[in-house]
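Q: need a structure here:
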Amino acid sequence: MNILKYVAYALVIIGALNWGMIGLFGFDLVAAVFGDMTLLSRIIYSIVGVSAVITALTMHQCDVARKKETCEYGNCNL
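A: The predicted model follows:
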């Protein structure tokens, strides 16, 4: 589960940087590399979107030592 969370988090950061470039410079890196709304670019956008959902659902889970049973958010048995 930890690997999935880290990969999802990294993809969300990459997606956010892409949106930042769109907002600041009007440049869409995904569209420039893979084409404007081609199948491959739509797959990449979808993967980043799913990663955002995974990150949103898991961002409040604690990453504490397995020995510790509770933390500020409650039960941390991951």
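Q: mind listing what the residue nearest the centre of the chain touches?
A: Centroid check for the chain by CA atoms, centre = their mean gives Val12 as the closest residue, at 2.8 Å. Taking CB atoms under 8 Å, 6 or more residues apart in numbering, we find Val12 in contact with Val48, Ser51, Ala52, Thr55. For every residue, glycine as well, the C-beta is placed using N, CA and C.
Q: okay, Asn77: pLDDT?
A: At Asn77, the predicted lDDT confidence score is 54.
Q: in stretch 19-35, what counts as buried?
A: Judged by neighbour count (16 or more other CB atoms under 10 Å), stretch 19-35 contains these buried residues: Val30, Ala31, Phe34.
Q: If you could redo that for stretch 41-54, that was the one I meant.
A: Buried-residue list, stretch 41-54, by 16+ other CB under 10 Å: Ser41, Ile44, Tyr45, Val48, Ser51, Ala52, Ile54.
Q: which non-adjacent residue is nearest the second one?
A: In this structure, Ile44 finds its nearest non-sequential neighbour in Val30, 5.5 Å apart by CB to CB, 6 or more residues apart in numbering.
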